[in-house]
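In: Sequence and predicted structure, then a few things I'm wondering about:
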Amino acid sequence: MANALKVVIVGCSGRMGQVLLECIFADADLVLHGALDRGNVDGFANPQLGHDAGEKLGKLSGIKVVDDIGLALKDADVLVDFTRPDATMSYLVACQQAKVNIVIGTTGFSNEQKIAISKASSDIGIVFAPNMSVGITLLINLVQSAAKVLSEGYDIEVIEAHHRHKVDAPSGTALRLGEAAASALGRDLAECAVYGREGITGERDPSTIGFATVRGGDVVGDHTVLFAGIGERIELTHKASSRATFALGALRAAKFLNGKSNGLFDMQDVLNLR
Ligand code: NAD
């Protein structure tokens, strides 16, 4: 416990935040150092503020939920963020100032925000990945290999499904999978992506990569990359059955950053898959 990595969780009251807390409590190499969330949620005071971060899980941690990032970062080793892009950008600046490494699991960033994250990595260590699961990280590599072999005569489509509460589409993971296929084929996803189809679309342009989004119920996260050729289809699919897969990956990323003073990494780096 004395040498345990001191982790701050932001968005600790959220779906991912709660699973992260559970995983930290179960790992002797990690200690909860700070727990942060918004002071106001939709105009109402956040009821969790001032309460023990483990209270809802029935495990008192001695760490109270606060909305003061400066306080939470003091003497911390790493911050783990699963919130919203605008919130992440402000936590990122605070981490730069406090020289604390950050794991960014939040999705839905604009290109400008992604550039700012990349710039910040000259000051601190950052793991930034739209999907922290080991299985998805491997899937990205499999998609790259498949795209190289199936470069002629196969149409590529990315299909994803998530729970009804998800606020961005397509998922950051779907975009990452599309990018993996596009880069393996020497294409720029920004130029070849087609997001949904409606009406008289005309025939499919073979150089495009299509995306289809499903939202409903409590689906944790399904992703399929389809390579459709003449006479056959290849489908590479990953299904997440619990948020623990993302939390465990994020905490593995937090350990990976330990001792690093700067640099931008993703889960391929964390799992040594390059
Ligand atoms: P959630 O809505 O359940 O939780 C978000 C938490 O962040 C809440 O507690 C909320 O109060 C807090 N928050 C702080 N500042 C905020 C702000 N300015 N606006 C809104 N909320 C703010 O969401 P979730 O399901 O836990 O997902 C959080 C993020 O993580 C999303 O972007 C989601 O897409 C992403 N995610 C990534 C992975 C991955 O592997 N990288 C996995 C799951 C979810």
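Out: In hand now; what should we look at? Residues are numbered from 1 along each chain as shown.

In: Over to Arg233: give its phi and psi.
Out: Arg233 adopts backbone torsions of phi -130, psi 140, taken as degrees, to the nearest 10.

In: Hmm, it is touching Leu226, no?
Out: Yes: using C-beta atoms under 8 Å, Arg233 is in contact with Leu226, at 6.3 Å. Just so you know, the C-beta spots here come from the backbone N, C-alpha and C atoms, and that holds for glycine as well.

In: So these two - more neighbours on which side?
Out: Using other C-beta atoms under 10 Å, the more surrounded residue of Arg233 and Leu226 is Leu226, with 17 against 11.

In: residue contacts, the more buried one?
Out: Contact analysis of Leu226 by C-beta atoms under 8 Å, 6 or more residues apart in numbering lists Asp155, Ile156, Glu157, Val158, Ile159, Arg233, Ile234, Glu235.

In: Does it belong to a helix, a strand or coil?
Out: The three-state assignment at Leu226 reads strand, by DSSP: H, G, I helix; E, B strand; the rest coil.

In: Next: Leu49.
Out: Secondary structure, three-state DSSP: Leu49 is coil.

In: Bridged to Pro233, which residues?
Out: Not quite, residue 233 is Arg, not Pro. For Arg233, the beta-bridge partners under DSSP bridges are Ala228.

In: if we can go back for a sec, quick one: buried ones out of the contacts of Leu226?
Out: Asp155, Ile156, Glu157, Val158, Ile159 (16 or more other C-beta atoms under 10 Å).

In: Grab the nearest non-local neighbour of the residue of the chain found nearest the ligand.
Out: Relative to the ligand, the nearest point of the chain is Gly14 (2.0 Å; C-beta to the nearest ligand atom). Nearest residue to Gly14, sequence neighbours excluded (C-beta to C-beta, 6 or more residues apart in numbering): Phe82, at 6.3 Å.
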